[in-house]
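# A predicted structure for the sequence below; I have some questions about it.
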Number of protein chains: 2
Amino acid sequence: MKKNNALYLISRIREAANKFIIQELETNGLKGVVPSHGDILMVLYTCEKCTMKELAQKIHRTKATLTVLVDKLIALKLIEKEKSPQDNRVTYIRLTPLGQSYKGIFEKISDELNNKLFKGFSDDETKNLVELLQKTRANIE
Amino acid sequence: MKKNNALYLISRIREAANKFIIQELETNGLKGVVPSHGDILMVLYTCEKCTMKELAQKIHRTKATLTVLVDKLIALKLIEKEKSPQDNRVTYIRLTPLGQSYKGIFEKISDELNNKLFKGFSDDETKNLVELLQKTRANIE
DNA sequence: TTATTATAGTTCGATATCTAACTATTGTCA
DNA sequence: TGACAATAGTTAGATATCGAACTATAATAA
(Lines give C-alpha, C1' and ligand atoms only; values in the text may rest on other atoms or scores of the structure.)
Protein backbone atom coordinates (compact mmCIF):
# COMPACT_ATOMS: atom_id res chain seq x y z
CA MET A 1 0.00 0.00 0.00
CA LYS A 2 0.94 3.63 -0.44
CA LYS A 3 2.86 2.72 -3.55
CA ASN A 4 1.94 6.07 -5.02
CA ASN A 5 4.12 7.67 -2.44
CA ALA A 6 7.24 6.23 -4.02
CA LEU A 7 6.82 8.13 -7.27
CA TYR A 8 6.07 11.29 -5.38
CA LEU A 9 9.26 10.86 -3.38
CA ILE A 10 11.19 10.18 -6.56
CA SER A 11 9.97 13.46 -8.04
CA ARG A 12 10.82 15.40 -4.92
CA ILE A 13 14.30 13.89 -4.68
CA ARG A 14 15.04 14.61 -8.30
CA GLU A 15 13.94 18.21 -8.03
CA ALA A 16 15.87 18.81 -4.86
CA ALA A 17 18.95 17.24 -6.43
CA ASN A 18 18.63 19.46 -9.47
CA LYS A 19 18.28 22.49 -7.28
CA PHE A 20 21.39 21.47 -5.38
CA ILE A 21 23.37 21.05 -8.60
CA ILE A 22 22.29 24.42 -10.00
CA GLN A 23 23.18 26.08 -6.72
CA GLU A 24 26.59 24.47 -6.52
CA LEU A 25 27.40 25.27 -10.14
CA GLU A 26 26.58 28.90 -9.52
CA THR A 27 28.72 28.91 -6.41
CA ASN A 28 31.56 27.64 -8.58
CA GLY A 29 31.17 30.40 -11.13
CA LEU A 30 28.90 28.61 -13.59
CA LYS A 31 25.78 30.72 -13.51
CA GLY A 32 22.97 29.66 -15.84
CA VAL A 33 24.36 26.14 -16.23
CA VAL A 34 21.71 23.49 -15.61
CA PRO A 35 22.02 19.76 -14.91
CA SER A 36 21.67 18.86 -18.59
CA HIS A 37 24.72 20.95 -19.37
CA GLY A 38 26.51 19.14 -16.61
CA ASP A 39 25.44 15.82 -18.10
CA ILE A 40 27.00 16.79 -21.41
CA LEU A 41 30.27 17.79 -19.81
CA MET A 42 30.35 14.66 -17.66
CA VAL A 43 30.01 12.55 -20.81
CA LEU A 44 32.85 14.46 -22.43
CA TYR A 45 35.06 13.93 -19.38
CA THR A 46 35.05 10.22 -20.22
CA CYS A 47 34.64 10.36 -23.99
CA GLU A 48 36.91 13.07 -25.46
CA LYS A 49 35.02 13.32 -28.73
CA CYS A 50 31.40 12.57 -29.32
CA THR A 51 28.87 13.10 -32.11
CA MET A 52 25.66 15.03 -31.51
CA LYS A 53 23.68 11.86 -31.92
CA GLU A 54 25.72 9.90 -29.39
CA LEU A 55 25.62 12.77 -26.93
CA ALA A 56 21.86 13.09 -27.24
CA GLN A 57 21.42 9.40 -26.51
CA LYS A 58 23.76 9.46 -23.55
CA ILE A 59 22.06 12.37 -21.84
CA HIS A 60 18.57 11.16 -22.80
CA ARG A 61 17.53 14.26 -24.68
CA THR A 62 16.43 14.77 -28.26
CA LYS A 63 18.79 16.08 -30.89
CA ALA A 64 16.74 19.28 -31.04
CA THR A 65 17.24 19.85 -27.34
CA LEU A 66 20.90 19.00 -27.56
CA THR A 67 21.44 21.62 -30.27
CA VAL A 68 20.26 24.30 -27.85
CA LEU A 69 22.29 22.98 -24.94
CA VAL A 70 25.43 22.68 -27.03
CA ASP A 71 25.01 26.20 -28.38
CA LYS A 72 24.97 27.50 -24.84
CA LEU A 73 28.06 25.56 -23.80
CA ILE A 74 29.83 26.87 -26.89
CA ALA A 75 28.82 30.41 -25.95
CA LEU A 76 30.34 29.73 -22.54
CA LYS A 77 33.48 28.50 -24.34
CA LEU A 78 33.35 25.16 -22.53
CA ILE A 79 33.04 22.96 -25.63
CA GLU A 80 33.53 23.27 -29.38
CA LYS A 81 32.27 21.71 -32.59
CA GLU A 82 34.28 20.03 -35.30
CA LYS A 83 33.05 18.67 -38.62
CA SER A 84 33.90 15.06 -39.34
CA PRO A 85 36.23 14.80 -42.35
CA GLN A 86 34.85 11.35 -43.19
CA ASP A 87 31.15 12.19 -43.11
CA ASN A 88 30.04 15.74 -43.65
CA ARG A 89 26.77 15.14 -41.86
CA VAL A 90 28.53 14.39 -38.61
CA THR A 91 29.59 16.94 -36.01
CA TYR A 92 31.95 16.09 -33.20
CA ILE A 93 31.76 17.82 -29.85
CA ARG A 94 34.83 18.14 -27.66
CA LEU A 95 35.90 20.05 -24.60
CA THR A 96 37.90 23.25 -24.79
CA PRO A 97 40.78 23.68 -22.35
CA LEU A 98 38.40 25.81 -20.27
CA GLY A 99 35.86 23.00 -20.30
CA GLN A 100 38.58 20.54 -19.26
CA SER A 101 39.52 22.81 -16.40
CA TYR A 102 36.11 22.35 -14.80
CA LYS A 103 36.42 18.58 -14.59
CA GLY A 104 37.40 18.62 -10.94
CA ILE A 105 34.53 20.92 -10.04
CA PHE A 106 31.93 18.73 -11.70
CA GLU A 107 33.30 15.63 -10.05
CA LYS A 108 33.34 17.38 -6.71
CA ILE A 109 29.71 18.50 -7.05
CA SER A 110 28.67 15.02 -8.10
CA ASP A 111 30.42 13.50 -5.08
CA GLU A 112 29.00 16.05 -2.69
CA LEU A 113 25.51 15.48 -4.02
CA ASN A 114 25.74 11.73 -3.60
CA ASN A 115 27.24 12.01 -0.16
CA LYS A 116 24.42 14.30 0.83
CA LEU A 117 21.68 12.17 -0.69
CA PHE A 118 22.84 8.95 0.93
CA LYS A 119 24.29 10.25 4.14
CA GLY A 120 23.80 7.71 6.88
CA PHE A 121 23.10 4.87 4.47
CA SER A 122 24.79 1.57 5.21
CA ASP A 123 26.35 -0.28 2.29
CA ASP A 124 23.44 -2.68 2.41
CA GLU A 125 20.90 0.10 2.27
CA THR A 126 22.58 1.72 -0.70
CA LYS A 127 22.80 -1.60 -2.50
CA ASN A 128 19.21 -2.36 -1.66
CA LEU A 129 17.98 1.00 -2.89
CA VAL A 130 19.84 0.69 -6.18
CA GLU A 131 18.47 -2.81 -6.74
CA LEU A 132 14.91 -1.75 -6.05
CA LEU A 133 15.27 1.24 -8.33
CA GLN A 134 16.69 -0.96 -11.07
CA LYS A 135 13.73 -3.25 -10.73
CA THR A 136 11.36 -0.30 -10.89
CA ARG A 137 13.08 1.07 -13.94
CA ALA A 138 12.93 -2.25 -15.73
CA ASN A 139 9.18 -2.29 -15.09
CA ILE A 140 8.52 1.07 -16.68
CA GLU A 141 11.07 1.60 -19.43
CA MET B 1 29.93 2.32 -4.26
CA LYS B 2 27.99 3.25 -7.33
CA LYS B 3 25.81 5.58 -5.33
CA ASN B 4 25.67 7.86 -8.30
CA ASN B 5 23.66 5.23 -10.08
CA ALA B 6 20.71 5.76 -7.77
CA LEU B 7 20.10 9.34 -8.85
CA TYR B 8 20.45 8.34 -12.47
CA LEU B 9 17.84 5.64 -11.97
CA ILE B 10 15.58 8.10 -10.20
CA SER B 11 15.75 10.44 -13.18
CA ARG B 12 15.05 7.67 -15.65
CA ILE B 13 12.10 6.36 -13.65
CA ARG B 14 10.58 9.79 -13.31
CA GLU B 15 10.87 10.50 -17.01
CA ALA B 16 9.45 7.15 -18.01
CA ALA B 17 6.58 7.64 -15.59
CA ASN B 18 5.84 11.07 -17.02
CA LYS B 19 5.89 9.68 -20.52
CA PHE B 20 3.48 6.95 -19.46
CA ILE B 21 1.11 9.49 -17.90
CA ILE B 22 1.13 11.76 -20.97
CA GLN B 23 0.51 8.77 -23.21
CA GLU B 24 -2.37 7.47 -21.10
CA LEU B 25 -3.97 10.90 -20.85
CA GLU B 26 -3.89 11.24 -24.61
CA THR B 27 -5.39 7.78 -25.00
CA ASN B 28 -8.22 8.94 -22.76
CA GLY B 29 -8.92 12.04 -24.82
CA LEU B 30 -6.77 14.52 -22.93
CA LYS B 31 -4.22 15.56 -25.51
CA GLY B 32 -1.73 18.21 -24.43
CA VAL B 33 -2.33 17.57 -20.75
CA VAL B 34 0.91 17.02 -18.84
CA PRO B 35 1.57 15.56 -15.39
CA SER B 36 1.45 18.96 -13.71
CA HIS B 37 -2.09 19.45 -14.96
CA GLY B 38 -2.91 16.04 -13.59
CA ASP B 39 -1.41 17.03 -10.26
CA ILE B 40 -3.73 20.04 -10.11
CA LEU B 41 -6.80 17.97 -10.86
CA MET B 42 -5.80 15.27 -8.41
CA VAL B 43 -5.56 17.92 -5.68
CA LEU B 44 -9.00 19.20 -6.61
CA TYR B 45 -10.46 15.71 -6.44
CA THR B 46 -9.78 15.76 -2.72
CA CYS B 47 -10.09 19.46 -2.01
CA GLU B 48 -13.12 20.90 -3.85
CA LYS B 49 -11.97 24.50 -3.60
CA CYS B 50 -8.43 25.72 -3.38
CA THR B 51 -6.62 29.05 -3.66
CA MET B 52 -3.87 29.58 -6.21
CA LYS B 53 -1.33 29.78 -3.44
CA GLU B 54 -2.40 26.51 -1.83
CA LEU B 55 -2.50 24.77 -5.18
CA ALA B 56 0.98 25.98 -6.08
CA GLN B 57 2.34 24.66 -2.80
CA LYS B 58 0.62 21.32 -3.16
CA ILE B 59 1.91 20.65 -6.66
CA HIS B 60 5.36 22.10 -5.89
CA ARG B 61 5.32 24.76 -8.57
CA THR B 62 5.63 28.53 -8.37
CA LYS B 63 2.59 30.76 -8.54
CA ALA B 64 3.78 32.03 -11.92
CA THR B 65 3.86 28.51 -13.30
CA LEU B 66 0.51 27.71 -11.79
CA THR B 67 -1.06 30.71 -13.53
CA VAL B 68 -0.09 29.22 -16.90
CA LEU B 69 -1.21 25.71 -15.98
CA VAL B 70 -4.53 26.93 -14.64
CA ASP B 71 -5.17 29.02 -17.76
CA LYS B 72 -4.77 25.92 -19.85
CA LEU B 73 -7.12 23.83 -17.71
CA ILE B 74 -9.66 26.65 -17.91
CA ALA B 75 -9.32 26.70 -21.69
CA LEU B 76 -10.02 22.96 -21.59
CA LYS B 77 -13.07 23.73 -19.43
CA LEU B 78 -11.87 21.36 -16.71
CA ILE B 79 -11.64 23.94 -13.92
CA GLU B 80 -12.84 27.47 -13.20
CA LYS B 81 -11.87 30.50 -11.15
CA GLU B 82 -13.91 32.30 -8.54
CA LYS B 83 -13.02 35.45 -6.65
CA SER B 84 -13.14 35.21 -2.87
CA PRO B 85 -15.85 37.50 -1.49
CA GLN B 86 -13.91 37.90 1.77
CA ASP B 87 -10.54 38.82 0.29
CA ASN B 88 -10.35 40.34 -3.16
CA ARG B 89 -6.76 39.23 -3.62
CA VAL B 90 -7.70 35.59 -3.39
CA THR B 91 -8.85 33.40 -6.26
CA TYR B 92 -10.44 30.02 -5.70
CA ILE B 93 -10.05 27.21 -8.18
CA ARG B 94 -12.66 24.48 -8.48
CA LEU B 95 -13.55 21.72 -10.88
CA THR B 96 -16.22 22.09 -13.52
CA PRO B 97 -18.64 19.21 -14.03
CA LEU B 98 -16.46 18.19 -16.98
CA GLY B 99 -13.39 18.21 -14.76
CA GLN B 100 -15.28 16.12 -12.17
CA SER B 101 -16.17 13.63 -14.85
CA TYR B 102 -12.50 12.80 -15.40
CA LYS B 103 -11.92 11.76 -11.81
CA GLY B 104 -12.21 8.07 -12.56
CA ILE B 105 -9.82 8.32 -15.46
CA PHE B 106 -7.14 10.05 -13.43
CA GLU B 107 -7.45 7.54 -10.63
CA LYS B 108 -7.28 4.70 -13.12
CA ILE B 109 -4.13 6.08 -14.73
CA SER B 110 -2.54 6.60 -11.34
CA ASP B 111 -3.34 3.03 -10.32
CA GLU B 112 -2.11 1.58 -13.59
CA LEU B 113 1.11 3.51 -13.32
CA ASN B 114 1.81 2.32 -9.81
CA ASN B 115 0.92 -1.25 -10.64
CA LYS B 116 3.29 -1.09 -13.56
CA LEU B 117 6.11 0.55 -11.66
CA PHE B 118 6.02 -1.91 -8.78
CA LYS B 119 4.92 -5.02 -10.55
CA GLY B 120 6.45 -8.06 -8.90
CA PHE B 121 7.32 -6.16 -5.73
CA SER B 122 6.57 -7.90 -2.45
CA ASP B 123 4.99 -5.83 0.30
CA ASP B 124 8.33 -5.80 2.04
CA GLU B 125 10.12 -4.53 -1.03
CA THR B 126 7.61 -1.75 -1.55
CA LYS B 127 7.83 -0.75 2.08
CA ASN B 128 11.59 -0.90 1.97
CA LEU B 129 11.78 1.24 -1.15
CA VAL B 130 9.50 3.89 0.27
CA GLU B 131 11.49 4.02 3.50
CA LEU B 132 14.79 4.38 1.69
CA LEU B 133 13.36 7.09 -0.54
CA GLN B 134 12.00 8.92 2.47
CA LYS B 135 15.42 8.80 4.06
CA THR B 136 16.99 10.08 0.85
CA ARG B 137 14.49 12.89 0.61
CA ALA B 138 15.07 13.93 4.18
CA ASN B 139 18.77 14.19 3.39
CA ILE B 140 18.37 16.53 0.46
CA GLU B 141 15.31 18.67 1.08
C1' DT C 1 24.49 6.35 -62.82
C1' DT C 2 20.54 8.02 -61.12
C1' DA C 3 16.70 7.77 -58.04
C1' DT C 4 15.26 6.53 -53.69
C1' DT C 5 16.00 5.88 -48.96
C1' DA C 6 18.40 6.63 -44.68
C1' DT C 7 20.89 9.45 -41.51
C1' DA C 8 22.87 13.84 -38.95
C1' DG C 9 21.86 17.93 -37.49
C1' DT C 10 19.15 22.41 -37.35
C1' DT C 11 15.08 25.27 -37.29
C1' DC C 12 10.34 26.29 -35.93
C1' DG C 13 6.54 26.63 -33.03
C1' DA C 14 4.64 25.37 -28.76
C1' DT C 15 4.73 24.87 -23.80
C1' DA C 16 6.31 24.22 -18.88
C1' DT C 17 9.11 26.37 -15.91
C1' DC C 18 11.58 29.84 -13.36
C1' DT C 19 12.88 34.58 -11.33
C1' DA C 20 11.97 39.25 -11.01
C1' DA C 21 9.09 42.92 -11.39
C1' DC C 22 4.54 44.47 -11.17
C1' DT C 23 -0.61 45.41 -9.58
C1' DA C 24 -3.97 45.24 -6.37
C1' DT C 25 -5.63 44.38 -1.99
C1' DT C 26 -5.25 43.73 3.03
C1' DG C 27 -3.01 44.22 7.48
C1' DT C 28 -0.29 46.75 10.91
C1' DC C 29 1.41 50.23 13.77
C1' DA C 30 2.73 54.79 15.07
C1' DT D 1 -6.04 57.64 10.28
C1' DG D 2 -2.38 57.19 7.16
C1' DA D 3 1.95 55.32 5.78
C1' DC D 4 4.32 51.22 5.29
C1' DA D 5 4.64 46.33 5.06
C1' DA D 6 2.76 41.93 3.74
C1' DT D 7 0.23 38.98 0.70
C1' DA D 8 -2.25 37.04 -3.76
C1' DG D 9 -1.94 36.72 -8.19
C1' DT D 10 -0.32 38.15 -12.99
C1' DT D 11 2.96 39.61 -16.45
C1' DA D 12 7.45 39.78 -18.76
C1' DG D 13 11.52 37.72 -20.24
C1' DA D 14 14.43 33.80 -20.46
C1' DT D 15 15.34 28.93 -21.21
C1' DA D 16 14.89 23.75 -21.46
C1' DT D 17 12.30 20.72 -23.77
C1' DC D 18 9.77 18.39 -27.35
C1' DG D 19 7.82 16.87 -32.01
C1' DA D 20 7.58 17.93 -36.74
C1' DA D 21 9.35 19.78 -40.67
C1' DC D 22 13.45 20.90 -43.01
C1' DT D 23 18.43 20.75 -45.16
C1' DA D 24 22.29 18.46 -46.38
C1' DT D 25 24.91 14.47 -46.98
C1' DA D 26 25.64 9.48 -47.58
C1' DA D 27 24.21 4.84 -48.84
C1' DT D 28 21.66 1.69 -51.57
C1' DA D 29 19.31 -0.26 -55.32
C1' DA D 30 17.48 -0.52 -59.97
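Cool, the structure landed.
# Helices along chain A, start to end?
Taking DSSP state H, the helices of chain A run over residues A:4-27, A:35-47, A:52-59, A:63-75, A:97-101, A:103-117, A:123-140.
# Which positions in chain A make contact with DNA strand C?
For chain A, the contact set with DNA strand C under C-beta under 7 Å from any atom of the strand comprises A:51-53, A:63-64, A:66-68, A:70, A:81, A:87, A:89-92. Bear in mind the C-beta positions are built from the backbone N, C-alpha and C, glycine included.
# Quick check: which of the residues you listed are also close to DNA strand D?
Subset of those in contact with DNA strand D: A:Ala64, A:Val68, A:Asp87, A:Arg89, counting by C-beta under 7 Å from any atom of the strand.
# a markdown table for these, including pLDDT, distance to A:Tyr102 and neighbour count?
Output for these, formatted as a markdown table (pLDDT from 0 to 100; distance: C-beta to C-beta, whole Å; neighbours: other C-beta atoms under 10 Å in any protein chain shown):
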| residue | pLDDT | distance to A:Tyr102 | neighbour count |
| --- | --- | --- | --- |
| A:Ala64 | 98 | 25 | 8 |
| A:Val68 | 98 | 20 | 11 |
| A:Asp87 | 95 | 30 | 9 |
| A:Arg89 | 96 | 30 | 10 |
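# State the pair within those residues that is farthest apart.
Using C-beta to C-beta, the pair of these lying farthest apart is A:Val68 and A:Asp87, separated by 23.1 Å.
# Out of the ones next to DNA strand D among the residues of chain A next to DNA strand C, which comes closest to chain B?
Closest approach between those and chain B, by C-beta to the nearest C-beta: A:Ala64, at 16.3 Å.
# What is the neighbour count of the closest residue to A:Leu30 other than its chain neighbours?
With C-beta to C-beta, 6 or more residues apart in numbering or on different chains as the criterion, A:Leu30 has its nearest non-adjacent residue at 7.3 Å, and that residue is A:Tyr102. By other C-beta atoms under 10 Å in any protein chain shown, 21 other residues sit near A:Tyr102.
# For A:Tyr102, give its distance to chain B.
A:Tyr102 sits 18 Å away from chain B, going by C-beta to the nearest C-beta, to the nearest Å.
# just A:Leu133 next, same as before
A:Leu133 sits at a distance of 4 Å from chain B (criterion: C-beta to the nearest C-beta).
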